[in-house]
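Participant: 3D, please:
(2 chains)
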Amino acid sequence: MVLSFRYKDIPRSNGTRAKSPSIPLTFFGNGSPYNFTALIDSGADVSAIPKGVAELLNLDFKNKKVEKTFGIGGVVPAVETIIGIELGKGHERYKFNIPIKIILDGSDFPPLIGRAEFFDKFDITFKQSEKKIFLKSINSQRY
Amino acid sequence: MTSLEADYDFFLETDTSEYKGKWIAVSNNQIIAMGKDVKQVGEDAKKKIGSNKFLLVRVPSKETMIF
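Facilitator: Coordinates of the predicted model:
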């Protein structure tokens, strides 16, 4: 089965429109799960969330080792942990864990889904001309 | 269609430009909470509808995003 999700059209300040490959998913922390729109980021080694999202999910990160994380915006402090995610459509649903970096510098951004674990589970096709992203489960199994 | 899919469709179809750079919570074809602090927005939305059945979205700004 193939999951497909439509892009969000975003107006830019220069009058053009950007097409954002996002998907809806659920994050599971140590409290209530919460639904988010997350950006699929094939250029990121690992997924990332801002500190506020980690706090909402009650993730345990305050006693973890802070490491430097490198991105296009420079070096930021972060801790890495594991988070549960669920995504799907209708009865086709997938639930599994991914590693995730919690960015601690106060920057704000949408949850980013990077390659580690997630891209091992799905063949992902970006079709910008159709404003759609397709996720095909590699093992034809629900996780 | 699940409530999450419906909330995501609402976000796709809705002009959210007035909320750019902010977090919004979407539930049942409405924006039920908004603000700069995602934790506060999530807690406000949960208090408002009495459950966690809503979608949190960081509305993109109009600037180019490069990660």
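Participant: what about chain B, any weak spots by pLDDT?
Facilitator: For chain B, the stretches with pLDDT under 70 are B:62-67.
Participant: enumerate the residues of it near chain A.
Facilitator: Within chain B, the positions near chain A by Cβ under 8 Å from any Cβ of the partner chain are B:1-2, B:4-5, B:7-8, B:11-12, B:17, B:21, B:36-39, B:42-43, B:46, B:52-58, B:60, B:62-67. (Glycine included, C-beta is placed from N, CA and C.)
Participant: among those residues, name the ones in helices.
Facilitator: Cross-referencing those against helices under DSSP state H gives B:L4, B:E5, B:D7, B:Y8, B:F11, B:L12, B:V38, B:K39, B:G42, B:E43, B:K46.
Participant: run a quick check on the fourth one versus A:P24, I expect a contact.
Facilitator: Read it as B:Y8. Yes: in this structure, B:Y8 is within contact of A:P24 by Cβ atoms under 8 Å, at 3.9 Å.
Participant: joint contacts of the two?
Facilitator: Common contacts of B:Y8 and A:P24 (Cβ atoms under 8 Å, 6 or more residues apart in numbering or on different chains): A:F5, A:T37, B:L55.
Participant: the last one reaches A:T26, doesn't it?
Facilitator: This points to B:L55. No: shown here, B:L55 and A:T26 do not form a contact pair, counting by Cβ under 8 Å, at 9.6 Å.
Participant: for B:N29, grab the count of nearby residues.
Facilitator: 11 (other Cβ atoms under 10 Å in any protein chain shown).
Participant: so it sits right up against B:F11, yeah?
Facilitator: No: B:N29 is beyond contact range of B:F11, at 10.3 Å (criterion: Cβ under 8 Å).
Participant: average model confidence for the longest strand along chain A?
Facilitator: Using DSSP state E to define each element, chain A has its longest strand at strand A:74-89. Mean pLDDT, computed over strand A:74-89, is 94.
Participant: close to chain B, is it?
Facilitator: Yes: judged by Cβ under 8 Å from any Cβ, strand A:74-89 comes into contact with chain B at A:K89.
Participant: which helix or strand contains A:I124?
Facilitator: strand A:122-127 (DSSP states H and E).
Participant: which secondary structure elements does that strand contact?
Facilitator: strand A:132-137 (3 or more Cβ pairs under 8 Å, 6 or more residues apart in numbering or on different chains; DSSP states H and E).
Participant: quick one: strands adjacent to the strand it packs on?
Facilitator: Strand pairing for strand A:132-137, determined by DSSP bridges: strand A:2-6 (antiparallel), strand A:122-127 (antiparallel).
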